[in-house]
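Colleague: Next one to model:
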Amino acid sequence: IFLSSPFFGFSSHSFFLRRENFEVRKQLALSVFLSIYIVLSHIHFGSVSWWVSLFLLGGESGDL
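Modeller: Numbering: from 1, shown residues only. Prediction:
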């Protein structure tokens, strides 16, 4: 029980990640973007618009 339950939960979670891979990556990208936005807004708000432009322009190639 102690070994089979965590393994079952892990395998189910892995299946969920593979099945919802696009949705998970989209939420992960959104979380990273929000984190960068919050950090930069606390450092210097003027830099945020520059990072947003860079993110929107370079997001397709994935060069962040």
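Colleague: For the lengthiest helix in the chain, could you pull out the residues that count as buried?
Modeller: In the chain, assigned by DSSP state H, the helix with the most residues is helix 21-43. Judged by neighbour count using 16 or more other CB atoms under 10 Å, the buried positions of helix 21-43 are Leu40. Backbone N, C-alpha and C define where each C-beta goes, glycine included.
Colleague: Now do the following helix or strand past it and helix 21-43, the angle between them.
Modeller: Reading on from helix 21-43 to the C-terminus, the next helix or strand found by DSSP states H and E is helix 45-58. On the basis of axes from the mean of the first three to the mean of the last three CA atoms, to 10 degrees, helix 45-58 is oriented at 150 degrees to helix 21-43.
Colleague: helices or strands next to helix 45-58 in the packing?
Modeller: On a contact count with 3 or more CB pairs under 8 Å, 6 or more residues apart in numbering; DSSP states H and E, helix 45-58 meets helix 21-43.
Colleague: Averaged pLDDT, the helix it packs on. What do you get?
Modeller: Averaged over helix 21-43, pLDDT sits at 80.
Colleague: Dump the C-alpha coordinates for it into CSV.
Modeller: The C-alpha trace of helix 21-43 is given here as CSV (Å, rounded to 0.1, in the frame of the first residue of the first chain):
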residue,chain,number,x,y,z
ASN,A,21,0.6,18.8,-22.3
PHE,A,22,-0.4,21.9,-24.3
GLU,A,23,-2.6,23.2,-21.5
VAL,A,24,0.0,22.6,-18.9
ARG,A,25,2.7,24.3,-21.0
LYS,A,26,0.4,27.3,-21.6
GLN,A,27,-0.3,27.7,-17.9
LEU,A,28,3.4,27.3,-17.1
ALA,A,29,4.3,29.9,-19.6
LEU,A,30,1.7,32.2,-18.2
SER,A,31,3.0,31.7,-14.7
VAL,A,32,6.6,32.4,-15.7
PHE,A,33,5.4,35.5,-17.6
LEU,A,34,3.5,36.8,-14.6
SER,A,35,6.4,36.1,-12.3
ILE,A,36,8.8,38.1,-14.6
TYR,A,37,6.2,40.9,-14.9
ILE,A,38,5.8,41.2,-11.1
VAL,A,39,9.5,41.1,-10.4
LEU,A,40,10.3,43.7,-13.1
SER,A,41,7.4,45.9,-12.0
HIS,A,42,8.9,46.0,-8.5
ILE,A,43,12.4,46.7,-9.9
